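S.K.: Here you go, sequence then predicted model.
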Amino acid sequence: MQDALDLIEFANDGSETKWGALRTEMGHPEPFGLSMLGIGNEQWETPESRFFERYRIFEEKIHERYPQIRLIGSAGPRVRDEYYEKAWKYYRSQTKENYVSAVDEHYYVPPQWMIDNTHFYDDYPRGIPVFAGEYAAHEALEEKSSAKNTLRSAVAEAAFLTGIERNGDVVKMASYAPCWRGRAMPNGRRI
């Protein structure tokens with residue numbers, strides 16, 4: 001928790017503060033103007049993680065000191081699984097203003113999934129914006145081979161992005177997730 005507050009102080013506060021002074025000493029006297037902060041990445045609610053309880057604590061402490069910071073929540077590692085559903089239910093149940101500014105969704109999926117889901121956001125609830133934080137179509141998920149960027153993957157991603165663009169009122173940000181060799185995939189396989 002304290003690390004998050006220190007990060008915001010380093011990025012935004014004046015040189016009279018501990019972390020603002022360090023930023024100035026490092027050659028950047030002007031604040032960076034940090035406006036958003038992601039809380040969690042691919043977390044999900046389990047008895048061990050207690051992500052929602054921890055998110056609430058982060059939200060309270062950050063907004064107590066920095067009410068202008070927009071927080072990005074996490075919907076877990078995959079779309080349309082139990083953790084994703086649980087995360088969205090949690091965020092939608094909150095009534096406090098500025099509790100979450102957007103929810104980060106991740107898509108590491110076969111190319112066909114993106115082609116089949118170009119209308120994914122057409123009927124999506126419009127209350128809380130989406131950050132399509134990591135999207136990538138991987139042939140490896142279909143072929144059981146190493147991940148690779150292929151023309152088919154690129155076309156599938158482009159097709160999916162047409163749906164994101166069409167639904168810009170709910171999907172406010174998107175970020176491509178390139179191949180990640182050597183990392184564990186959502187299904188546990190290493191590539």
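M.R.: Nice, thanks for sending it over. Numbering: from 1, shown residues only.
S.K.: then stretch 67-79 to CSV, C-alphas only?
M.R.: What follows is stretch 67-79, C-alpha atoms only, in CSV (Å, rounded to 0.1, in the frame of the first residue of the first chain):
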residue,chain,number,x,y,z
PRO,A,67,-8.9,11.7,-4.8
GLN,A,68,-8.2,12.7,-8.4
ILE,A,69,-6.3,9.5,-9.2
ARG,A,70,-8.4,7.1,-11.4
LEU,A,71,-8.1,3.5,-10.4
ILE,A,72,-8.1,0.6,-12.9
GLY,A,73,-9.4,-2.7,-11.5
SER,A,74,-8.7,-6.2,-12.7
ALA,A,75,-11.1,-8.8,-14.1
GLY,A,76,-8.7,-11.7,-13.8
PRO,A,77,-6.6,-13.5,-16.3
ARG,A,78,-9.3,-14.5,-18.8
VAL,A,79,-12.6,-13.3,-20.2
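S.K.: That stretch: how far from the chain's middle?
M.R.: Taking C-alpha atoms, centre = their mean, to the nearest Å, one finds stretch 67-79 lying 6 Å from the centre of the chain it belongs to.
S.K.: Following the chain past the lowest-mean-pLDDT helix or strand in the chain, name the next helix or strand.
M.R.: Every helix and strand of the chain was ranked by mean pLDDT, DSSP states H and E. The lowest is helix 140-143, at a mean of 60. Next helix or strand after helix 140-143 toward the C-terminus (DSSP states H and E): helix 151-166.
S.K.: For the residue nearest to P67 when sequence neighbours are not counted, give its distance to A11.
M.R.: Take P67 and drop its neighbours on the chain: the residue closest to it by C-beta to C-beta, 6 or more residues apart in numbering is N98, 7.0 Å away. C-beta here means a position set from N, CA and C on the backbone, and glycine is covered the same way. Separation of N98 from A11 (C-beta to C-beta, to the nearest Å) stands at 19 Å.
S.K.: same question, I128
M.R.: Separation of I128 from A11 (C-beta to C-beta): 25 Å.
S.K.: Repeat that for G127.
M.R.: Counting by C-beta to C-beta - G127 and A11 are separated by 29 Å.
S.K.: of those two, who's got more company?
M.R.: A11 (18 against 9; other C-beta atoms under 10 Å).
S.K.: where does the more buried one land in three-state SS?
M.R.: Assigned by DSSP: H, G, I helix; E, B strand; the rest coil, the conformation of A11 is helix.
S.K.: Kindly state the pLDDT recorded for it?
M.R.: With respect to pLDDT, A11 has a value of 98.
S.K.: again with the one 4 residues further on
M.R.: In this model, S15 is scored at 96, pLDDT.
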